[in-house]
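Visitor: Show me how the following folds:
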Amino acid sequence: SRQRVRNRLTSMAFVAGRLTATPVLTSGAPKSVLCTKQAVRGYKRTSRSLQMAVATPERVIPSPLPRVYVYDHCPYCVRVRYFLGMKNVKHDVAWFLNDDVENPTRLIGKKMVPILEIGRPGDDDYSVMAESLDICKKLDADPKYGPPM
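Guide: Model prediction:
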């Protein structure tokens, strides 16, 4: 029922041909709608949709890219990845298996994720840290990763 989903969307924000915002739904629409390329295929770009565009922060591409080590089922890892996405910071993601004890222990001394690795081993600015809120605070405070949220 892609047509029903399309009918319930009142606007999509397109900037330079790219979807940049979540759909604004009519009052009769469900609270959450899975918005996929198939669901919005054929959507007409109107002047109203451009007026409702959400400002996306400028893309931040630090060198070297920060690396985030995560589990696929960890809500704290999702918090860090979401934060990096909201700040529009390009980053690498490395996935740990659930039974991988060796790699997290090698990085921070215990089996814990998320782990943020900034720089490369041997560099002056190399750092590794855990705890999702600490990672978010550090990235938000550093102007290298864009303006604070």
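Visitor: if I pick Asn88, what's in contact with it?
Guide: 56-60, 146 (CB atoms under 8 Å, 6 or more residues apart in numbering). In short, each C-beta sits where N, CA and C put it, glycine included.
Visitor: Just give me the longest helix of the chain.
Guide: For the chain, the helix reaching the highest residue count under DSSP state H is reported as helix 75-87.
Visitor: Identify the residues contacting it?
Guide: Taking CB under 8 Å, 6+ apart as the rule, helix 75-87 contacts 57, 60, 66, 68, 70-71, 91, 93, 113-114, 116, 132-133, 135-136, 139-140, 145-146, 149.
Visitor: for it, which positions count as buried?
Guide: Neighbour-count burial for helix 75-87 flags 76-77, 80-81, 83-84, 87 (criterion: 16 or more other CB atoms under 10 Å).
Visitor: Also stretch 98-118?
Guide: For stretch 98-118, by 16+ other CB under 10 Å, it's 104, 107-108, 113-118.
Visitor: Please render those residues as JSON lines that adds pLDDT and secondary structure to the earlier fields.
Guide: As requested, these are exported to JSON lines (pLDDT from 0 to 100; DSSP: H, G, I helix; E, B strand; the rest coil):
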{"residue": "Pro104", "pLDDT": "96", "secondary structure": "helix"}
{"residue": "Leu107", "pLDDT": "95", "secondary structure": "helix"}
{"residue": "Ile108", "pLDDT": "96", "secondary structure": "helix"}
{"residue": "Val113", "pLDDT": "96", "secondary structure": "coil"}
{"residue": "Pro114", "pLDDT": "97", "secondary structure": "coil"}
{"residue": "Ile115", "pLDDT": "97", "secondary structure": "strand"}
{"residue": "Leu116", "pLDDT": "97", "secondary structure": "strand"}
{"residue": "Glu117", "pLDDT": "97", "secondary structure": "strand"}
{"residue": "Ile118", "pLDDT": "95", "secondary structure": "strand"}
